[in-house]
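>>> Sequence first, then the predicted structure:
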Amino acid sequence: MAFMVTSRQSGPATIVDVSGPVTYGEAGALQQMLLELVKKGQRNILLNLGNVSHLDSSGISTLVRGYTTIKNAGGQLKVLHLSKHVQRLLEITNLTKVFEDFSDEETALRSFS
């Protein structure tokens, strides 16, 4: 599966759909998308990681930088549909305490209200 990142507006949040591997080569595109959304005034961002096939240290770093950037702008970054692989990486790195994660898009969107 090739890397792809797109965004869509849904109620109180912008949903960023990510698919494929988020590794050294692709992480920059995700970081750029998050920065552009913040510059446009988007403060509530939901990262849909359900189709992420692999996440390496660059991908994890991108998630943390994105979280910090959005939080410093007064917003929230939450994650949706974590695969077992991504969930395990967030547990190992203790980031499950940082990222609020959801398995249901509607519930995630309501959490921004």
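Nice, thanks for sending it over.

>>> Next secondary structure after the worst-scoring helix or strand of the chain on mean pLDDT?
Lowest mean confidence among the helices and strands of the chain (mean pLDDT, DSSP states H and E): helix 84-92, at a mean of 93. Following helix 84-92 in sequence order, the next helix or strand is strand 101-102 (DSSP states H and E).

>>> Which secondary structure elements does the following helix or strand past that following strand sit against?
Downstream of strand 101-102, the first helix or strand assigned by DSSP H and E is helix 105-110. Helix 105-110 sits against strand 13-22, strand 44-55, strand 76-80, with contacts defined as 3 or more C-beta pairs under 8 Å, 6 or more residues apart in numbering; DSSP states H and E. All C-beta spots, glycine's among them, are computed from the backbone N, C-alpha and C.

>>> 10 Å instead?
strand 4-10, strand 13-22, strand 44-55, strand 76-80, strand 101-102 (3 or more C-beta pairs under 10 Å, 6 or more residues apart in numbering; DSSP states H and E).

>>> re earlier: between the least confident helix or strand of the chain and strand 13-22, how big is the angle?
Here helix 84-92 runs at an angle of 100 degrees relative to strand 13-22 (axes from the mean of the first three to the mean of the last three C-alpha atoms, to 10 degrees).

>>> can you list the residues that contact helix 84-92?
Here helix 84-92 makes contact (C-beta atoms under 10 Å, 6 or more residues apart in numbering) with 22, 49-50, 52-57, 59-60, 63, 79, 82-83, 95-99, 101.

>>> Noted, bye for now.
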